[in-house]
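[1] need the 3D shape of this:
(one chain, ligands or ions: 2)
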Amino acid sequence: MQSNGKIRIAIQKSGRLSEESISLLGQMGLRFETYQDRLFAPCRNMPIDVLFLRDDDIPEYVRDGVADLGIVGSNVLDERMVRVERLLPLDFGFCSLCLAVPERGGYESLGDLDGKRIATSYPETLRRFLLERRVDSEIVVLGGCVEIAPALKIADAICDLVSTGSALRTHGLTILETVARCQAVLFGRQDPPEESRRLIQRLLLRAQAVQEARKYRYVMFNAPADAVDSMKNLLPGCKSPTIVPLADPGFIAVHAMVIEETFWEVVEKLRDCGASDILVAPVEKFMR
Ligand code: ATP
Ligand code: ZN
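    Numbers count the residues shown, from 1 in each chain. Ligands and ions are numbered 1, 2, ... in the order given. Have a look, this model is predicted:
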């Protein structure tokens, strides 16, 4: 539907994914204004329009070519099963689709839900899961506020998104089983028009560079020259650390990428090996 090389990116208008989606597009170099109640924003510096929509509408819009790229939770894509191309998991919007039951309701395993009613806004995902596990339950479809269903006696259990579990506890529910782990995903239409492909590919590379950068910290420190070998093994984050000689020949400066997840352990071990004056900086973009 879109032509002349201009593309549209659809993100959630207001909800859990909005802030991080806008921030990601900003880090990818897109410059646009976000005003409340705005549904559409042209980028100042690229031939791109950003659409702000309800997340439920985004997969179909992308499939139909109303938008070329979209960001929604993987739970929405799993449920709708529309023909789109998943391009990149985005490492935000983490949650799980879980089966939950009343605490002290006597439910111990999935099999206990056989013949029971389960309320959910994710009927297709749940149907597939139950089929795979050979459990025969009745699915009660609700648009939202699913946690209240057992108290209202419209269902015995629920299948809903959980992040911290506090909403479940408030309603006297406890997790019985995880159906799917979810996060935000960047996705695109299956056959984008020829003239949009290059821009879509550029944006995907930028998104990957932002993603990749988030996994690392840039670490600089001084160390005794003879500690290099033991330190090298602690720094597997990239091909090889940069080693710079200092005025004092007994010392060197080391620059290296350290994986964020293991960052504290690595820095502590570097200190044990003699590292000092340790400076840590975030990595904004990282292209291999
Ligand atoms: P919309 O108005 O766009 O339809 P919504 O109410 O469907 O919004 P949100 O509640 O903002 O959507 O959730 C958007 C996405 O955030 C979910 O689809 C899911 O992928 C993710 N998410 C992360 N944590 C949670 C959570 N605790 N509960 C619900 N969704 C969560
Ligand atoms: Zn929604």
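[2] please make it C-alpha for all contacts and neighbour counts, starting now.
    Fine.
[3] for ligand 1, what's the nearest residue on the stretch 101-250 of the chain?
    Closest residue of the stretch 101-250 of the chain to ligand 1, C-alpha to the nearest ligand atom: residue 163 (4.1 Å).
[4] residues from the protein in reach of ligand 1?
    Within the chain, the positions lying close to ligand 1 (C-alpha under 6 Å from any ligand atom) are 12, 15-17, 54-56, 73, 75-76, 93-95, 161-163, 183-184.
[5] buried only: go through these for me.
    Neighbour-count burial (16 or more other C-alpha atoms under 10 Å) applied to the residues of the chain next to ligand 1 gives 12, 17, 55, 73, 75-76, 93-95, 161-162, 183-184.
[6] residue ranges with poor pLDDT in the stretch 1-150 of the chain?
    For the stretch 1-150 of the chain, the stretches flagged by pLDDT under 70 are 1-3.
[7] can you give me the helices in it?
    With DSSP state H, counting those that start in this stretch as the criterion, the stretch 1-150 of the chain has helices at 18-27, 58-63, 74-80, 123-132.
[8] ranking those helices by burial, who's on top?
    helix 58-63 (a mean of 22; mean count of other C-alpha atoms under 10 Å).
[9] is it anywhere near ligand 2?
    No. Using C-alpha under 5 Å from the ion, helix 58-63 never reaches ligand 2; the gap is at least 9.5 Å.
[10] that helix packs against which elements?
    strand 7-12, strand 69-73, helix 74-80, strand 84-89, strand 184-189 (3 or more C-alpha pairs under 8 Å, 6 or more residues apart in numbering; DSSP states H and E).
[11] ok, which of these comes nearest residue 287?
    For residue 287, the closest of these is strand 84-89, at 15.3 Å, according to C-alpha to C-alpha.
[12] buried ones in that closest one?
    Under the neighbour-count criterion of 16+ other C-alpha under 10 Å, strand 84-89 has 84, 86, 87, 88, 89 buried.
[13] list just the nearest of these to residue 47.
    When the buried residues of strand 84-89 are compared for distance to residue 47 (C-alpha to C-alpha), residue 87 wins out at 20.4 Å.
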